[in-house]
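[1] got a predicted structure plus its sequence, pasted below:
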Amino acid sequence: MAESENMAISSPSKPWSETRNGRITVAASMVGLFVLVFWLAIRSRQMLTPMPALVVEEQYLSFGEVWEDPAFVWTLPIRNATHEDIEVINFITDCTCGKIEPRSLKIPAQGTREVRPGLTHLILRYSLQDP
């Protein structure tokens, strides 16, 4: 019996990382670490991305088919997603054919106000003169 105990102690054995259970443990640890890093990356993106203060729902951004009209106006609800009142001092358009009414407004916390953006025709008048 002493000889069999001596053989068990001195016999070469594989390191735990080369055994089947060792490989499964290493693989499971790597998958777990990957999932943890992925989850932390997603959480950090959510924490770093600021929530917009003023929100216009996507359904209101498409005004559908438009017919020729001297003045095109539609209603656009703007929602304040914060817990504080927001005052819009002025709306700015990038061309003289655009306008937004009202020019300024105050949107209460978690409230909604409507604005009416619109376009007006630019009428160009010209004449061709013979040289």
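    Received it, and whenever you're ready, just let me know what you need.
[2] burial of V115, as a residue count?
    By other C-beta atoms under 10 Å, 19 other residues sit near V115. C-beta here means a position set from N, CA and C on the backbone, and glycine is covered the same way.
[3] that one sits in which helix or strand?
    Element membership of V115, judged by DSSP states H and E, is strand 112-120.
[4] can you list contacts of that strand?
    70-80, 91, 93, 97-102, 105-107 (C-beta atoms under 8 Å, 6 or more residues apart in numbering).
[5] hmm, 6 Å instead?
    Defining contact as C-beta atoms under 6 Å, 6 or more residues apart in numbering, one finds that strand 112-120 is touched by 71-73, 75-79, 97-101, 105, 107.
[6] in that strand, what counts as buried?
    In terms of neighbour count (16 or more other C-beta atoms under 10 Å), strand 112-120 has its buried residues at 113, 115, 117-119.
[7] with respect to T19, which of those residues is nearest?
    Proximity of the buried residues of strand 112-120 to T19 (C-beta to C-beta) peaks at R113, which lies at 68.1 Å.
[8] the closest residue to the closest one other than its chain neighbours: how many residues sit nearby?
    Nearest residue to R113 in three dimensions, chain neighbours excluded: I107, at 4.8 Å (C-beta to C-beta, 6 or more residues apart in numbering). Number of residues near I107 (other C-beta under 10 Å) recorded here: 20.
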